[in-house]
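**Student:** just a sequence and a predicted model for now, questions to come.
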Amino acid sequence: MLAGIAMGPAPAATAAGLSSILFVNPLPKYPAWRLIGDCLASRAKELEIPVTESGPTGGALDATVMIQQIQQGIANKVGAIATFPATNGFVPVLQQAGKAGIRVGTFYGAAGTESGSGVNIGANFERVGEIFAEAIARRPGPQKVGLMAQGPSGAAKAFVDAFTAAAAKTANVTVTAVVYTNDDASKALDQASTLLTAHPDVNVIASHMGTATQGAVAAIKSKGLVGKVVFVANGIAGGGEQGLKDGTVYTLMLQDLCTAGSSMADSLAALALGKPVPAQIDVGVRMFGADDYKDYLAKGWQ
């Protein structure tokens with residue numbers, strides 16, 4: 001399927017066909033999003049496309065601030081906008097950008113006229129939910145899972161729904177509860193602690209968010225549940241790598257994030273030149289244990 005967003009006239013373009021890219025980063029200080037931003041900027045530089053990055057200045061995702069920064073980008077007539085559409089509230093403003101002739105790309109969102117995005121790049125979160133459930137099913141005995149998700153919609157819902165469906169196909173994995181943190185690392189400890197208190201039968205916590213790792217591992221340790229409860233993580237940040245070593249993390253997912261960032265620069269430049277671009281570009285995802293993740297870190301996975 002190819003992108004089919006109706007676009008107006010584009011601003012003055014470089015030799016690559018694009019005057020500039022604005023990347024509205026949801027978590028500029030978080031390692032995974034930092035890697036995506038750096039690789040996007042590096043590839044854009046090779047294409048001679050100026051890049052500006054913005055995003056919330058705190059440690060938490062702030063959709064209101066991100067939408068305001070996109071609106072400012074539209075007012076400034078940037079050539080292209082890339083962002084993570086954290087809520088459905090991004091759709092009308094991204095559609096507005098498209099109507100203004102601005103090329104739009106999203107990470108972990110959706111592509112098409114209804115989403116306002118010309119190309120979406122990122123892990124397929126339905127597949128992520130499946131590989132999480134498949135990994136947990138390899139543990140012996142009943143696995144009572146508490147899921148930590150960003151929220152009840154978007155990519156988080158896709159993850160929870162896919163995990164739940166995949167778990168139902170196993171003989172030993174069930175979803176006991178789901179809690180939400182809005183991808184805010186400062187809420188992860190409280191939410192994980194609440195989860196373990198309310199559901200003492202939970203023996204696995206799993207999350208698609210890298211921001212959940214530190215709080216979830218801390219909750220397991222503070223409740224004296226090391227060896228009884230394990231965490232399944234997204235990425236090595238926030239204690240994921242250390243958790244593999246001390247046993248609090250059973251397994252973790254890595255993604256080819258540098259390729260995601262560089263592919264966004266390539267895709268937006270291609271859209272500006274009127275070239276066909278796949279509406280959805282998946283990045284590689286895999287679950288790793290303590291023995292096999294380091295080689296992939298060197299390849300730009302995180």
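**Tutor:** Perfect, thanks for sending it.
**Student:** okay, CA-based contacts and neighbour counts for the rest of this
**Tutor:** Noted.
**Student:** now do the helices in the stretch 51-200 of the chain.
**Tutor:** 63-75, 90-99, 125-137, 154-168, 185-198 (DSSP state H, counting those that start in this stretch).
**Student:** correction: the previous question concerned the stretch 201-302 of the chain.
**Tutor:** Ranges of helices in the stretch 201-302 of the chain, per DSSP H, counting those that start in this stretch, are 213-222, 240-246, 257-272, 294-297.
**Student:** which one of those helices is the most hemmed in?
**Tutor:** Highest mean neighbour count among those (mean count of other CA atoms under 10 Å): helix 257-272, with a mean of 24.
**Student:** and the residue nearest the centre of the chain?
**Tutor:** The centroid of the chain falls nearest to Tyr108 when counting by CA atoms, centre = their mean (5.5 Å).
**Student:** hmm, back to that, pipe the helices of the stretch 51-200 of the chain into a markdown table and attach distance to Gly224 per row.
**Tutor:** Below are those laid out as a markdown table (distance: least, CA to CA, whole Å):
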| stretch | distance to Gly224 |
| --- | --- |
| helix 63-75 | 36 |
| helix 90-99 | 41 |
| helix 125-137 | 21 |
| helix 154-168 | 27 |
| helix 185-198 | 11 |
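**Student:** how about low-confidence regions in the stretch 101-250 of the chain?
**Tutor:** Where the stretch 101-250 of the chain drops to pLDDT under 70, the residues are 110-112.
**Student:** what about 50?
**Tutor:** Scanning the stretch 101-250 of the chain for pLDDT under 50 picks out no residues.
**Student:** so who does the residue nearest to Thr170 when sequence neighbours are not counted touch?
**Tutor:** Leaving aside its chain neighbours, Thr170 sits nearest to Ala137 (6.7 Å; criterion: CA to CA, 6 or more residues apart in numbering). Residues in contact with Ala137, defined by CA atoms under 8 Å, 6 or more residues apart in numbering, are 143, 167, 170-173.
**Student:** whichever of the residues you listed end up buried, select them in PyMOL.
**Tutor:** Buried residues among the contacts of Ala137 (16 or more other CA atoms under 10 Å), as a PyMOL selection:
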select buried, resi 143+167+172+173
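**Student:** and the contacts of Ala137 as JSON lines, adding distance to Lys275?
**Tutor:** Putting these into JSON lines (distance: CA to CA, whole Å) gives the following:
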{"residue": "Gln143", "distance to Lys275": "48"}
{"residue": "Ala167", "distance to Lys275": "41"}
{"residue": "Thr170", "distance to Lys275": "43"}
{"residue": "Ala171", "distance to Lys275": "47"}
{"residue": "Asn172", "distance to Lys275": "48"}
{"residue": "Val173", "distance to Lys275": "45"}
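**Student:** so which of the contacts of Ala137 belong to strands?
**Tutor:** Among these, DSSP state E puts 143, 173 in strands.
**Student:** now, among the contacts of Ala137, which is nearest to Pro200?
**Tutor:** The nearest member of the contacts of Ala137 to Pro200, counting by CA to CA, is Gln143 at 12.4 Å.
**Student:** contacts only, for the closest one.
**Tutor:** Each residue near Gln143 by CA under 8 Å, 6+ apart is listed here: 136-137, 172-174, 202-204.
**Student:** which non-adjacent residue is nearest Ala233?
**Tutor:** Spatially, and ignoring its direct neighbours in sequence, Ala233 is nearest to Leu252 (4.5 Å; CA to CA, 6+ apart).
**Student:** from Gln71, how far out is that neighbour?
**Tutor:** From Leu252 over to Gln71 the distance is 36 Å, taken as CA to CA, to the nearest Å.
**Student:** who's more crowded, those two?
**Tutor:** Taking neighbours as other CA atoms under 10 Å, Leu252 and Gln71 compare with Leu252 leading, 27 against 16.
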